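Colleague: What follows is a predicted protein model with its sequence.
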Amino acid sequence: MNHAVGGVLVRGPSGTGKSTAVRGVAELLPEIEVVAGCPFGCDPARPACADCRSRSISGERLPAHRRRRPIVDLPLNATEERVAGSIDIARALTEGEKALEPGLLAEANRGILYVDEINLLDDHLADILLDAAALGVNIVEREGVSAAHPARFLLVGTMNPEEGELRPQIADRIGLHVDVPALREPTARAEVMRRREAFGRDPGAFAAAWAEPQSELRGRLERAGDLLERMRVPEHFYTAIGSLVTRLGVSSHRADIAVLECAKGLAALDGRPVVAAEDVRRAAELALGHRLVGDPFSPEPTLQPAAVERALSQALEEEVAAGKAAPATERTAAAPPSPARR
C-alpha cells in the first residue's frame, strides 16, 4: 500500500456500492506484521512509537504477530478526542507519565482511515486529519502536556456530489479520484440483484464461490507491493509530469507527486519494474480531475482523456527534442500493452 499517493476520493450517487467497495478492500490487502500489544500496530522491524523504540533500543526483542491492515471508520459526529485521542491529565501530573489515550488516528496507523460523506465532515476535524496525514504523526496537546504517536494511514473518502462539494484543501490532499456512476445497462443491474440475493441466502457459499479470483487478486497486490520498492522511473518522466500537470491548469505540487506515485503503483500492479508513458497517462486521469479549477457558474469541471493524452504527448515530445527521452516508437516498444482489466 503506497501511502505516498495521498489517499482516494470515491464519488457517486447514493446506492452505487461505494462504502461496500471500500470495506471490501480489507479482504484484499496483504497482512502486516505488528508488535504484539502495541496500540499503534508498529512494525517490529521499524518501530515508530516511543514505547516500541525504547524497548528496541534497550535490546529487547519485540514480540510480533500478523494481522490484517485496519480499516477504521470515522463518524461525521465524532469528537476531537475520539479522533485525535486524549491525555489523562491527572495521571500525567501525579505519575509523571504522558498517559496518552489513543483515538481513531492511532487505530488507523498503517491502515486505512475511511470517511463516508467526507464532504460533510466538520472543518476542524478535517484539519486534524490533514495535519496528521501530511506529517505521518498525530500530536495531542492538553493543558500544556503534549504527546505524539505515528499516524501513517491512507485516507479514503466517499461522497455524493449532490449533497455538497468537497473543500478545495481536502481535495488537494487526497491523491486520487474515482467516479462510480450508477449502472445503466439492465443486464448489469440484474447481475447486481442476483449477487446480492445469493449473498443474502448463503454468505459462506457466496464467499467460497469467489475465493479463487479474490486470492489471485490478493497475490497480485502483494507482488506489486514488493515490486514497488524497486520501481524505476526514467529520468525524463519527472519533467514530463511537471509539464503535464501545468498544461492542464493545476498548480499544486501535490498533484505532481500523486501522478508519479500512482504511475509507480500501476506499473507494479502490471508486474513491470519500470514506469512507462501509459502509466503516467492513466495516473494523470486519476490524480488531476478533482483538482481542476472551473468556472463557478458552469457545471463541475471534468478531465477529458483526450486532453491528458495531448498534454502528455506534447510534454514527452519536448523531452525528445531536448535529447532526454526516447522517441514515441521506442517508448511504445519498451512498454508492452497492460493486461486487460475488468
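Modeller: Received the coordinates, thanks.
Colleague: Any stretches of the stretch 201-342 of the chain with poor pLDDT?
Modeller: 293-302, 323-342 (pLDDT under 70).
Colleague: All the helices of it, residue numbers only.
Modeller: 203-209, 211-228, 236-247, 253-269, 277-288, 305-321, 328-334 (DSSP state H, counting those that start in this stretch).
Colleague: Which residue comes closest to residue 318 once chain neighbours are left out?
Modeller: residue 243 (6.6 Å; Cβ to Cβ, 6 or more residues apart in numbering). In this view, the C-beta of every residue, glycine as well, is placed from N, C-alpha and C.
Colleague: repeat for residue 123
Modeller: Using Cβ to Cβ, 6+ apart and skipping the chain neighbours, the partner closest in space to residue 123 is residue 167 (7.3 Å).
Colleague: Let me see the contact set for that neighbour.
Modeller: When contacts are counted by Cβ atoms under 8 Å, 6 or more residues apart in numbering, residue 167 touches 119, 123, 126.
Colleague: okay if I get those residues as TSV plus secondary structure?
Modeller: Below are these laid out as TSV (DSSP: H, G, I helix; E, B strand; the rest coil):
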residue	secondary structure
119	helix
123	helix
126	helix
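Colleague: re the thing from before, tell me which of the helices of the stretch 201-342 of the chain lies nearest to residue 155.
Modeller: Ranking the helices of the stretch 201-342 of the chain by proximity to residue 155 (Cβ to Cβ) places helix 253-269 first, at 12.4 Å.
Colleague: buried set for that closest one?
Modeller: Buried residues in helix 253-269, counted by 16 or more other Cβ atoms under 10 Å: 254-269.
Colleague: Looking at these, spot the one nearest residue 57.
Modeller: For those, the nearest to residue 57 is residue 261 (31.6 Å; Cβ to Cβ).
Colleague: now do the same end-to-end measure for stretch 24-32.
Modeller: 17 Å (Cα to Cα, to the nearest Å).
Colleague: ditto for stretch 199-214
Modeller: Using Cα to Cα, the end-to-end distance of stretch 199-214 comes to 16 Å.
Colleague: contacts for it?
Modeller: Contacts of stretch 199-214 (Cβ under 8 Å, 6+ apart): 27-28, 195, 198.
Colleague: what about 7 Å?
Modeller: 27-28, 198 (Cβ atoms under 7 Å, 6 or more residues apart in numbering).
Colleague: got it, and stretch 156-166?
Modeller: The contact list for stretch 156-166 (Cβ under 7 Å, 6+ apart) reads 7-14, 18-19, 22, 112, 114-120, 174.
Colleague: Filter these down to the ones in helices?
Modeller: 18-19, 22 (DSSP state H).
Colleague: ok, so of these, who is nearest residue 250?
Modeller: residue 18 (24.6 Å).
Colleague: Per-residue pLDDT of that closest one, please?
Modeller: For residue 18, the model assigns a pLDDT of 91.
Colleague: Tell me the secondary structure at the nearest residue to it once chain neighbours are set aside.
Modeller: Leaving aside its chain neighbours, residue 18 sits nearest to residue 158 (4.2 Å; criterion: Cβ to Cβ, 6+ apart). Under three-state DSSP, residue 158 falls in the strand class.
Colleague: beta partners for residue 158?
Modeller: Residue 158 has these beta-bridge partners by DSSP bridges: residue 10, residue 116.
Colleague: got a list of what residue 305 touches?
Modeller: residue 285.
Colleague: Distance check, it against residue 319.
Modeller: From residue 305 across to residue 319, the span is 21 Å (Cβ to Cβ, to the nearest Å).
Colleague: Also residue 247?
Modeller: 13 Å.
Colleague: So between those two, which is more surrounded?
Modeller: Applying other Cβ atoms under 10 Å to residue 247 and residue 319 shows that residue 319 carries more neighbours, namely 19 against 15.
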